[in-house]
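> Could you look at this predicted model? Sequence included:
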Amino acid sequence: MDDEKKIFKDNVKTMEKKDIGLIGLGVMGQNLTLNMERNGYSLAVYNRTKSKTMAFLRGVGKGKAIIGYNNIEEFCKNLKPPRKIFLMVKAGNVVDHIITELEKYIDSADIVIDGGNSYFMDTQRRCVDSEKKNYHFLGIGISGGEEGALRGPSIMPGGSEEAWENTKEILLKIAAKADNQPCCSYMGSNGAGHYVKMVHNGIEYADMQLIAEAYFILKNVLKLDATELARIFSEWQKGELNSYLIQITGEIFASTDSETGQPIVDMILDSASQKGTGKWTSQNALEIGVPVPSISEAVHARFLSAIKNERVEASHLLSGPESHYSGDKNLLIDATQKALYAAKLCSYAQGFSLLEIASIKYNWNLDLGKIAEIWREGCIIRAKFLNRIMTAFHENHVLKNLLLDPYFTKTLESNQKDWRFVVTLAINNGIPIPAFSSALAYFDGYRSAKLPANLIQAQREYFGAHGFKRVDKKNNQLFHHHFQ
Ligand code: 6PG
C-alpha cells in the first residue's frame with residue numbers, strides 16, 4: 001500500500017494543479033498522455049483498473065510530469081480551471097458512465113473531451129446534455145494509431161467552439177505537422193469531429209480492401225510470393241500511390257514469422273475483424289442517401305471473410321474458373337498499380353461527397369479542403385495524393401465531386417484502360433474484387449448521362465402506381481400510365 005502511494009505521488013514535480021486530466025490508460029491514452037507531457041503540459045491520469053495506472057507510472061510514465069489518481073473526485077480537484085479532461089475510453093456506454101461520474105465534480109467552464117471513436121450521434125447528444133448542464137463538450141476524432149498518438153496524430157475536433165478556443169493550443173501542439181502546419185482544425189459544432197473521423201475510417205476500410213484486392217490479384221494470377229510483393233509495394237511507394245498504407249503493406253510482406261520462418265502474411269488467418277466505424281459510415285450514407293459503394297463493399301468483404309468455415313465448406317461445392325494469364329508479368333503489375341490508383345481516387349471521391357452532403361444535412365459547414373489538409377500527416381490514410389484533394393477543394397469551393405476536378409478527370413482517363421483490364425481479368429479468373437469493381441461501377445454510373453432508372457420507374461409505376469417524371473416535361477409533375 002505504501003509503495004502504491006509512493007508511486008502515485010512519485011512523479012509529482014510540484015504539488016501544483018495539473019494542466020490536463022486524462023481518463024483511460026489503454027495504449028492510445030498512455031501515448032497521448034506522453035505526447036502532451038513531451039509538449040510541456042503536466043497531467044493527472046485516472047484508470048478504472050488501478051494496476052494499469054501503477055504500471056504506466058512505473059514504466060513509460062516514470063519521471064514525467066504525470067500524476068496518477070485512483071479516485072475521480074481527487075483527480076478532478078487537482079486540475080487547473082477550467083478543467084480539460086480527455087476521455088480515452090471505449091466508445092459507447094463507458095463514455096456515458098464516466099461523464100455521469102465527472103458531472104458530480106466539474107464546474108461550468110470545464111471541458112470534457114472525448115478522444116475515442118464515438119458514434120457522432122452520441123456526441124451530438126452529449127453536446128446537448130453538456131449545454132443543459134452548463135459545461136463544455138468536445139468530440140475529437142484522433143487518427144494515427146498508437147504511434148500517431150505518441151508522435152503526433154491527425155486531430156478532428158468538433159463540439160463547443162468556446163471549448164475549442166480553450167484547448168486549441170494543446171491540440172495544435174500535439175498534432176502531426178504537414179508542411180509545418182498542424183494536422184488539426186476545428187471541424188464544426190456537435191458531432192462534426194467524430195463524423196469526419198468516421199468517414200476517415202470508412203475511406204480507410206476502402207483503401208485497405210483495395211490494397212488487399214491488388215495483393216490477391218498479383219498473388220493468384222502471377223503467383224508472386226511475399227518477397228516479390230514486398231519489392232513491388234516498395235516500388236509503388238515511390239510513385240503516386242505513396243501513402244502510409246502502401247508503406248506498411250510492403251513492410252508486412254517483408255516480415256517473417258518468428259515461429260516458422262514463413263512470411264507472416266501467409267500465417268495470418270484470412271478472417272477480418274472490425275470495430276464498427278466503417279459500418280457506421282456505410283449506414284449513415286444509406287441514411288442520408290449518398291452512394292459510397294466501395295466503402296460499403298469493403299465492410300461486406302470483411303463480413304464475408306469472417307465466415308471462414310462456411311467459405312471453406314462452400315469451396316468444395318462451388319466451382320469457378322481456374323486462374324489463367326499468359327500475358328506479360330510486368331504489364332499486369334503496372335496495370336494493377338494504375339487500377340489501384342484509379343479505384344482509390346473513386347473511393348476518396350465517395351467519402352468526400354458523403355462529407356459534403358452530411359455537412360449540409362447536419363449544418364456543419366465542413367471545409368473539405370481543410371479536411372484533406374489535416375489528413376496529409378498523422379492519420380492512417382495519410383497519402384501524397386491528399387495534396388491533390390486539398391488543391392482541388394481550395395481551387396474550387398463548390399466542387400460537387402472530386403471526379404470533376406481536372407487532375408482526377410485526367411488521371412481516370414489515362415488509368416481506366418488498365419483498370420478495366422484488371423477488373424475483367426480478375427472476374428475471368430474468379431478472383432473476388434468487390435472494391436475494385438464497385439469503384440469502377442461508381443465511375444461508370446457517375447459519368448453516365450443516361451442510366452436504366454427509367455425502367456425502375458416504369459416497374460414501380462406498374463406494380464404500385466408510384467408515378468414518374470417524363471423526359472419531355474420540365475416540371476416535377478408525376479405522371480401515370482395504364483399498362484396492359
Ligand atoms: C485510426 C484508426 C483507428 C483504428 C480503428 C480500426 O484512424 O487511427 O482508424 O481508429 O485502427 O479502430 O478499426 P477496425 O477495428 O474497425 O478495423
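Sure thing, it's come through.
> any idea which helix or strand comes after the strand or helix carrying Glu228?
Glu228 belongs to helix 226-236 when elements are defined using DSSP states H and E. Downstream of helix 226-236, the next assigned helix or strand under DSSP H and E is helix 244-254.
> Contacts made by that following helix with the rest, please.
204, 207-208, 211, 215, 226-227, 229-230, 233-234, 236-237, 263-265, 379-383 (C-beta atoms under 8 Å, 6 or more residues apart in numbering). C-beta coordinates here come from the backbone N, C-alpha and C atoms, glycine included.
> where does this protein come near the ligand, residue by residue?
117, 143-145, 201, 204, 273-275, 277-278, 379-380 (C-beta under 6 Å from any ligand atom).
> can you pull the contacts of whichever residue of the stretch 1-150 of the chain sits closest to the ligand?
As assessed by C-beta to the nearest ligand atom, the ligand sits closest to Ser143 within the stretch 1-150 of the chain, at 3.1 Å. Residues counted as contacts of Ser143 (C-beta under 8 Å, 6+ apart) are 153-156, 197, 200-201, 375, 378-381.
> What remains of the residues you listed if I keep only buried residues?
For these, a burial check counting by 16 or more other C-beta atoms under 10 Å picks out 153-156, 197, 200-201, 375, 378-381.
> picking up where we left off before, would you format the contacts of Ser143 as CSV with pLDDT included?
Output for the contacts of Ser143, formatted as CSV (pLDDT from 0 to 100):
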residue, pLDDT
Pro153, 98
Ser154, 98
Ile155, 98
Met156, 98
Lys197, 98
His200, 98
Asn201, 98
Trp375, 98
Gly378, 98
Cys379, 98
Ile380, 98
Ile381, 98
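> Strands of the chain, start to end?
20-23, 43-46, 66-69, 84-87, 111-114, 136-143, 154-159, 177-178, 181-182 (DSSP state E).
> does Gly152 really touch Ala176, like I thought?
Yes: using C-beta atoms under 8 Å, Gly152 is in contact with Ala176, at 3.6 Å.
> Could you tell me which residues touch both of the two?
Common neighbours of Gly152 and Ala176, counting by C-beta under 8 Å, 6+ apart, are 144, 183, 377-378.
> Could you find the closest non-adjacent residue to the residue most central in space within the chain?
The centroid of the chain falls nearest to Asn201 when counting by C-alpha atoms, centre = their mean (1.6 Å). Leaving out its chain neighbours, the residue that sits closest to Asn201 by C-beta to C-beta, 6 or more residues apart in numbering is Thr277, at 3.7 Å.
> cool, and Gln416?
Nearest non-adjacent residue to Gln416, counting by C-beta to C-beta, 6+ apart: Ala342, 6.2 Å away.
> what residues are up against that neighbour?
411-412, 415-416, 418-419, 439-440, 443.
> top of those by neighbour count?
Ala439 (31 neighbours; other C-beta atoms under 10 Å).
> from memory that residue sits against Ser294, does it?
Yes: using C-beta under 8 Å, Ala439 is in contact with Ser294, at 4.6 Å.
> Quick check: neighbours shared by the two?
Common contacts of Ala439 and Ser294, defined by C-beta under 8 Å, 6+ apart, comprise 206, 210, 343, 346-347.
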